[in-house]
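Engineer: Return atomic coordinates for the entry below.
(chains A, B and C)
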Amino acid sequence: MSDAVLEVEGLKVEYQTSSGPAVAVNGISFQVFPGETLGLVGESGCGKSTTAMAILNLVQAPGRIAEGSIRLNGTELSTLNPRSMRRIRWQEVALIPQGAMDSLNPVVRVDSQIAEVIEDHEGRQRFADMHERITELLGMVGLPARVGRLYPHELSGGMKQRVCIAMAIALRPKLLVADEPTSALDVVVQRVVAQTLLDVTQRLGMAMILIGHDIALQAQLVDRMAVMYAGSIVEVGRVESIFDHPSHPYTQLLVSSVPSITERRRRPSDATVREVHHRPSGCVFRLRCPQAFDRCRAEVPAMRELVPGHVVACHLYAGGSGEPAPAEAAGHV
Amino acid sequence: MTEGNGTDTLLPGAPEGGQRRAVWLNFKLVAGASMVLLVVFFGLLGPLFWNTKLADPASSPPNLPPIWEAGGTGAHPLGTESLGRDILALLIVGSEATLRVGAIAAAAGLVIAVVLGFGGGYLGGWVDDVVRVLADSWVTIPALAVLVVLAAALQGVTADTEALLLALFSWPEATRMIRSQMLSMRGRSYVKMARLSGVSSAGIMFTEILPNMIPYVVASFVRAMAGAIMAATGLEALGLGPTQTPTLGTTIYYAIQGSALLRGIWWWWGMPVVVLVLIFSGLFILSIGLDEVANPRIKRYRYRVRRAGRRPAVPVTASAVSAGPATVATPSVGTEQ
Amino acid sequence: MSDTPLLEIRDFTMKYAGSSAAAVDKFSLVLPESPATITTIAGESGSGKTTLANAVLGFLTPTSGSISFRGRDIARLGRRQRADYRRSVQAIFQDPYAAYNPFYPIRHTLLQVIRQFGLASSRRQARTLMNDAVALVGMRGDEVLDKHPHQLSGGQRQRIMFARAHLVRPQLIVADEPVSMIDASLRATIIDIMLKMRDEDGISFLYITHDLSTAYQIGNEIVILYSGRVAESGEVADVIEQPKHPYAQLLIESVPVPDPRRRWQDEVSLAAEDGAHRSQQRCLYAPRCPRRMDKCDEGVPGMYQIAGTHQAACYLYE
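Structural biologist: Numbering: from 1, shown residues only, chains lettered A, B, ... in the order given. Presented below is the predicted three-dimensional model:
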């Protein structure tokens, strides 16, 4: 009944280790709506890449999806058999994995690699049709047709990444999952690739999940943003709302730690940053949180809506006696 | 960028320590080492429990079957062969001799390999070019053919000369491996750091690089030893081995000469083969184990490859991940023979 | 002697074997003895900034030109002087994991400098020194010194690298992308350590980075490199706020601003480098430059003064 392209509910991914299961993604829920770009932000090890793999049902041993459901246009993916899943991948949902540009086959020309993706799903095509389609795809990502006849090593990083985008959109999926698509690229190239990505998804009306660690880049690109910390989503909202009123202390830390290039001022940093190596009881962030109080230790905060569309998992906004009302606390008026 | 780094923020259930220790307790390492040690102890301690004089010809009645077969006797539990030698005594003496030949050949080869590999890898330049070309071309020489010719030309070698002959061919592969490791380690940041701290070249070589090379050197030794024993057995089975010392290979040679196969005296050739199988599989498993210890990322790396090069965001891989992709691709060691 | 610069790089050129283009072409820079400064060398990958760092550290010998430290050419140092140079110039590398020998616990890295530079006369003193150094970067010696590098986080490892550098009390630290592998929420602590070392200990930094925003926040001077040549240099505030060289303008404009209401307006396209035009005797940015003139293909632009120390290598400002 929901109109979301993707609905993730209570997703939990575990990895089997010698010392018992390690939880990489701890019961997260979110939705992606048609045509929108959702940013999934977090730092290394927070589980954002694992989430991407889980959405495509690509989590592999020793990892597994322990709980939760992933519905793509109403189809439950987490229990789908491998064959149907293979059909849905690329066609319904495509992934640009992290470091995709380095996973292009070095001995196959670019056009053949794109053709392979198409023929894998649609069977053999007439050469002329295929050629036209590939030229169009390359054109959409801003590459001249001659790039098709080149080998990956003849391309720059930015061009390779755009080839990966062309492959991902070849079958016009409804949802594109892009994992750090611009990391390891130079600033200018990063901008070109990011704009290309945004441009094609908008033109084709695709929804996109853009996974990244760079919150400034996210500000430039996404419609809504989900902030992940230690396997949990701690805040979701429209990107403007999050930047105007970052509500979770972790989001506040992230937003405030981006150095600005438009204003020369340094916010004093908290000199005693604690680095935590285990998941604490209660709120995942409490050991690093400057505002933690008793309740944070005892109870995992539930998601609360501050203003429509902006939710946060933090006891500061729990309401009740003596505590600020949700909207007020977050600075919404 | 941040992604390459790994352990910041939070790792549910991250190992709190002792990873290094745990790594050494590799199952394959222990299993392989036990198999090899079994043969070593058999060869070294055997003489204390069994009269090895029985390995001389005509010291026992010929062609006795093992004790569990009809006609077997407790005086010769594994039987005797046609020349009147006790098989158990032959195996004890032969295991010791075979292992010694392998160890001497491997050790001699390794000395050459360490000198050349360290020198070439660390000094670079023309020294390295010479080492590389020498090792690369030497590997292509068909060792057994040359050994056959050499052994035949020498007309009767002792176990020790045989070992030195074998050493001629056990160094190139070890050299290549040590050199490539040296090259990769020389460029590591910690070596740069040591240089910035004013540590001398010799100091860097011995305190910074050598400790990290130990597993590779040991792995090279194990592989060289397996290769040398293989070649030695081949030579000996052809009758080109030391005639004075009964080794496992010469025992097989005499078994062939005495038509043991046709005459159904299976214990003559079968017993030494069992010991050889134990030695080879032990060394092989040991080298795989060492491989995993020398490069703890290998297991994980394979796993990463299966995931299409993706980084598993889990603590198990914390160290592998933090090392970054650049160091993951270190060449694998000793998985084939 | 007070006017001898701390570091003087003059026409430094580095060509690698087998490459026709220079990795760094006629680079000059002067760092004053005092006050201590943070000088940023910024550029994309392949712009030559790491080559420059390695040369200043003495790992590379210039193809031509010279690098002098306190008036002495570092390629021609005697034994004593070389040891002295080692004490005076230290480094922080990008990957804080690779900078540690995995065989040893963390203390090895700190003991190494203590031993080599004779900083302590007893074990006890060495221990105190290490604990103090680690405390300076916000950690406790008894908690980290006996750990192996893989047991610490990237941020912790990098902070201890700063502790190591601080033990030596150098006059210059070459910091090659010190925060690019550190999570954003932990970067500030590292930046703070740099500032503290500059302001309290009088240590100058050569801050090599592609990250213009941190450079803007903490740097004094900045040099923007493009393809091994200086495109623009000057006070960091001047250059970042009013970039003159078209490349610097594009670069600064492309840094994402953490504000969803100030998004990139126009799309940029990367004009593909036409392989036919390989001459080095021109502005190397010309093929991509929206304001290219005929002149740009005919000669190498010099550094033209904009104001004060602010200079740009572009014929627009001739």
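Engineer: Of all residues in the stretch 1-150 of chain C, which one is closest to chain A?
Structural biologist: Among all residues of the stretch 1-150 of chain C, C:Glu44 sits closest to chain A, at 3.8 Å; criterion: C-beta to the nearest C-beta. Any C-beta I mention is one placed from the backbone N, CA and C, and that applies to glycine too.
Engineer: oh sorry, the question was meant for the stretch 51-200 of chain C
Structural biologist: Of all residues in the stretch 51-200 of chain C, C:Ala188 sits closest to chain A, with a separation of 3.2 Å (C-beta to the nearest C-beta).
Engineer: can you pull out the helices in chain C?
Structural biologist: For chain C, helices defined by DSSP state H occupy the ranges C:49-56, C:79-88, C:106-116, C:123-136, C:141-144, C:154-168, C:184-201, C:212-218, C:236-241, C:246-254.
Engineer: With distance to chain B and mean neighbour count added, can I get these in JSON lines?
Structural biologist: Formatted as JSON lines, the entries for the helices of chain C read as follows, by distance: least, C-beta to the nearest C-beta, whole Å; neighbours: other C-beta atoms under 10 Å in any protein chain shown:
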{"stretch": "helix C:49-56", "distance to chain B": "9", "mean neighbour count": "23"}
{"stretch": "helix C:79-88", "distance to chain B": "5", "mean neighbour count": "15"}
{"stretch": "helix C:106-116", "distance to chain B": "4", "mean neighbour count": "22"}
{"stretch": "helix C:123-136", "distance to chain B": "14", "mean neighbour count": "16"}
{"stretch": "helix C:141-144", "distance to chain B": "12", "mean neighbour count": "16"}
{"stretch": "helix C:154-168", "distance to chain B": "4", "mean neighbour count": "26"}
{"stretch": "helix C:184-201", "distance to chain B": "6", "mean neighbour count": "20"}
{"stretch": "helix C:212-218", "distance to chain B": "13", "mean neighbour count": "23"}
{"stretch": "helix C:236-241", "distance to chain B": "21", "mean neighbour count": "21"}
{"stretch": "helix C:246-254", "distance to chain B": "16", "mean neighbour count": "21"}
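Engineer: next one: stretch B:167-175 to chain centre, how far?
Structural biologist: 12 Å (C-alpha atoms, centre = their mean, to the nearest Å).
Engineer: buried set for it?
Structural biologist: Counting neighbours by 16 or more other C-beta atoms under 10 Å in any protein chain shown, one finds that the buried residues in stretch B:167-175 are B:167-175.
Engineer: Which residue lies nearest the spatial centre of chain B?
Structural biologist: Compute the mean C-alpha point of chain B, and by C-alpha atoms, centre = their mean the closest residue is B:Val222, 1.8 Å away.
Engineer: Secondary structure element holding that one?
Structural biologist: Secondary structure assignment for B:Val222, by DSSP states H and E: helix B:210-237.
Engineer: Next secondary structure after that helix?
Structural biologist: Along the chain past helix B:210-237, the next helix or strand (assigned with DSSP H and E) turns out to be helix B:248-257.
Engineer: could you say what helices and strands that following helix packs with?
Structural biologist: If contacts are counted by 3 or more C-beta pairs under 8 Å, 6 or more residues apart in numbering or on different chains; DSSP states H and E, helix B:248-257 sits against helix B:87-123, helix B:210-237, helix B:266-294.
Engineer: Report how many residues lie close to the closest residue in space to B:Glu236 that isn't next to it in sequence.
Structural biologist: Sequence neighbours aside, B:Gly249 is the residue nearest to B:Glu236 in space, at 2.5 Å (criterion: C-beta to C-beta, 6 or more residues apart in numbering or on different chains). Residues near B:Gly249, counting by other C-beta atoms under 10 Å in any protein chain shown, number 28.
Engineer: so what's A:His121 up against?
Structural biologist: In this structure, A:His121 makes contact with A:87, A:90-91, A:171, judged by C-beta atoms under 8 Å, 6 or more residues apart in numbering or on different chains.
Engineer: Recalculate using a threshold of 10 Å.
Structural biologist: A:His121 is in contact with A:86-87, A:89-91, A:170-171, counting by C-beta atoms under 10 Å, 6 or more residues apart in numbering or on different chains.
Engineer: Does it belong to a helix, a strand or coil?
Structural biologist: For A:His121, the assignment made with DSSP: H, G, I helix; E, B strand; the rest coil gives helix.
Engineer: just to revisit the earlier point, to A:Pro34, which of the helices and strands packed on helix B:248-257 lies closest?
Structural biologist: Proximity of the helices and strands packed on helix B:248-257 to A:Pro34 was assessed by C-beta to C-beta; the nearest stretch is helix B:266-294, lying at 48.3 Å.
Engineer: does any bit of the closest one sit next to chain C?
Structural biologist: No. Looking at helix B:266-294 against chain C by C-beta under 10 Å from any C-beta of the partner chain, there are no contacts, and the closest approach is 11.6 Å.
Engineer: could you check the distance from C:Leu119 over to C:Glu44?
Structural biologist: 39 Å (C-beta to C-beta, to the nearest Å).
Engineer: for C:Phe93, same thing?
Structural biologist: Taking C-beta to C-beta as the measure, C:Phe93 falls 19 Å from C:Glu44.
Engineer: same check, this time on A:Asp186
Structural biologist: When A:Asp186 is compared with C:Glu44 (using C-beta to C-beta), they lie 4 Å apart.
Engineer: list the residues that contact both of these two?
Structural biologist: Taking C-beta under 10 Å, 6+ apart as the contact rule, the neighbours common to A:Asp186 and C:Glu44 are C:210, C:251.
Engineer: Confirm for me that A:Val312 is in contact with A:Val236.
Structural biologist: Yes. Under the criterion of C-beta atoms under 10 Å, A:Val312 is in contact with A:Val236, at a separation of 7.9 Å.
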